[in-house]
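>>> return atomic coordinates for the entry below.
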Amino acid sequence: MKLLLVVLSLLLGAAQCSGEGCGGYPSNDPCLPGGVWDTVLKRCTGIDSQPCYQCYSGDYCKTKEDPLQCKLASVGGNPVYLSEYWTGGHSTEAEPCTQTPGHYRPAYQGNHYSTKVEENIFPPLKEAILQLHKLTGNAETEGYFMVTGMGATMVIHSALAVISKRILQECSSSLEVCPTAVDVFAQAPYYPGYIFISSNCPNTRWNASADPNSPFTIEILTYPDNPSGVKRNPLVMDPSRVVMDMVYYWPMYTEINAKLDHPLMVFSSSKHGGLAGTRFGWGLVKDKDLAVGMLQVVDGIMLDFSIDVQLRVLNGLQVVLEEANKTQTHNFPFHEFGHEVISSRFKGVSDLFSSCPGLSLTNQLSSTGGYAWIMCSAGIMANGSCEQVLERVNLYGIEGSVFGAMDNYVRLSMLLPTVEFDTLFLKLKYLCSMLG
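The predicted model follows:
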């Protein structure tokens, strides 16, 4: 395995970069701390093509705005904090850097509508993912098939499409009165993206109050939960109708206290590797027929999976695995960095709220997930919402009702770059002083 990855790196020029850094990234970034240098656009950038990080502006993002007056939105799921592992000098290895020659594998990559599900992913990447799960101990891989897609969203979409079709076909063959669509639900608070996925999938419809005992119900279970970080058991007893969304089941976000072996488990390079923009997800599927069907749904949408995406994910995993293999305990320095960042942020907020009137952090510190799930008391909301309480210091989260909860809850992302989180924390401190 190790020799194969080394040979591949040499072939593609995908070895770790040195000197001026990956893709020309400067060893001394002129945009820090208020932004990062974009090696393609040749200018400073923030997140989502913004010119700087939030609350920074000016030439080379050097102007720090008043942290109490500037507006800061902590609403997204971009795990930007993980990029600081590479740019902040925490890695013992050089930054992963993929440089694919124009002549490399120019043809379509997939087995179009093939039943050879074992061949739907670039073999070295498949081996790297299996090794990642083995060393992390978060999921069983023996006896599973792997299905890939453009992020966990596409993998979940393909699973819903196949499972719902199977349910309706079984109903039709039994001459029963069958529904026109299969209900999809998640336990509240739930990730609101499931509403869009299920509402735009053939044969499914979102129904937050669906009956988990009905044979015409599919459950999506986020483990641990987004937004609360809680580890929950499915309400649907038939495991063939449960999709386990496990994108946060990594040491950065929770204790790995069991190697899970559910029939269908979904992961992504976004929450694990910080590569949200690369759009790569994978499912571990026990049922081969389900895996083949999911692959066919994915192929029907995108024909083939980008070789460049697979190579970028592979290259990042190469470095992460190499670092882990150099430690006696096979621990991942990358995971330890992520865990330290996330756990210290949650501990800081928890300590702050311990003496903050009206605000409480509901997350368990052993399983935080990636988001602070904050509850406001009725006394501080003044007939408004918890989100509106935060707006008093120009801090913006997402109201609880978006997640199927009450609006005395609000979600704040803990995945921000450090400078944005520092501003968020200052705003929370000031808010607590106002409430006191």
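>>> low-confidence ranges in the protein?
1-24, 92, 94, 108-116, 118-119, 175, 328-330 (pLDDT under 70).
>>> the domain parsing of it - what is it?
With automatic domain parsing serving as the domain definition, the record reports that the chain contains domains spanning 66-92+333-435, 117-305.
>>> what's the first-to-last distance across the first one?
Think domain 66-92+333-435. 20 Å (CA to CA, to the nearest Å).
>>> so in that sheet, which strands flank the host helix or strand of Met244, and in what orientation?
Assigned by DSSP states H and E, Met244 belongs to strand 242-245. Using DSSP bridges, strand 242-245 pairs in its sheet with strand 217-222 (parallel), strand 264-268 (parallel).
>>> most tightly surrounded among those?
strand 264-268 (a mean of 27; mean count of other CB atoms under 10 Å). Every C-beta, even on glycine, is put in place using the N, C-alpha and C of the backbone.
>>> which residues touch it?
Contacts with strand 264-268, where a contact means CB atoms under 8 Å, 6 or more residues apart in numbering, come from 139, 151-152, 155-156, 159, 242-247, 249, 280-287, 290.
>>> quick one: the helices in the stretch 101-250 of the chain?
Here the stretch 101-250 of the chain has its helices, by DSSP state H, counting those that start in this stretch, at 123-136, 151-173, 193-199.
>>> mind putting the domains of the chain into a markdown table with distance to Asn325?
Compiled in a markdown table, these are given as follows (distance: least, CB to CB, whole Å):
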| stretch | distance to Asn325 |
| --- | --- |
| domain 66-92+333-435 | 11 |
| domain 117-305 | 8 |
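>>> for these, which one sits closest to Gly46?
Gly46 lies closest to domain 66-92+333-435 among those, at 8.3 Å (CB to CB).
>>> OK, contacts around Ile380?
By CB under 8 Å, 6+ apart, Ile380 lies in contact with 357-359, 389, 435.
>>> can you check Val247 too?
For Val247, the contact set (CB under 8 Å, 6+ apart) comprises 152, 222, 266-268, 270-272, 281.
>>> repeat the analysis, applying 10 Å as the threshold.
Neighbouring residues of Val247 by CB atoms under 10 Å, 6 or more residues apart in numbering: 77, 79, 151-153, 155-156, 191, 222-224, 226, 253, 265-272, 281, 369-370.
>>> for burial, what's the neighbour tally of the residue nearest to Leu390 when sequence neighbours are not counted?
Of all residues not flanking Leu390 in the chain, Gly397 sits nearest, at 5.7 Å (CB to CB, 6 or more residues apart in numbering). Using other CB atoms under 10 Å, Gly397 has 27 neighbouring residues.
>>> now do Phe145
20.
>>> that one against Asn120, yeah?
Yes. Phe145 is within contact range of Asn120, at 8.8 Å (criterion: CB atoms under 10 Å).
>>> what touches both of those two?
291-292, 294-295.
>>> got the contact list for the residue nearest the centre of the chain?
Centroid-nearest residue in the chain: Lys271, 3.0 Å away (criterion: CA atoms, centre = their mean). Contacts of Lys271 were listed using CB under 10 Å, 6+ apart, and they are 77, 79, 82, 152, 226, 246-250, 252-253, 281, 338, 369-370, 415.
>>> now swap in Gly404 and tell me
Residues counted as contacts of Gly404 (CB under 10 Å, 6+ apart) are 185-192, 194-195, 208-209.
>>> now do 8 Å
186, 188-190, 192, 208.
>>> and Thr222, by the same measure?
Counting by CB under 8 Å, 6+ apart, Thr222 touches 186, 190-191, 245-248.
>>> and the strands in the stretch 251-400 of the chain?
264-268, 281-285, 359-361, 371-376, 395-396, 398-399 (DSSP state E, counting those that start in this stretch).
>>> most tightly surrounded among those?
Neighbour counts (mean count of other CB under 10 Å) averaged over each of the strands of the stretch 251-400 of the chain peak at strand 264-268, with a mean of 27.
>>> what residues of stretch 306-326 count as buried?
Buried residues in stretch 306-326, counted by 16 or more other CB atoms under 10 Å: 307, 309-321, 323-324.
>>> does Glu323 touch Ser91 like I think?
Yes. Using CB atoms under 8 Å, Glu323 makes contact with Ser91 at a distance of 6.9 Å.
>>> tell me, what's touching the two both at once?
333-334.
>>> could you report the neighbour count for Gln69?
9.
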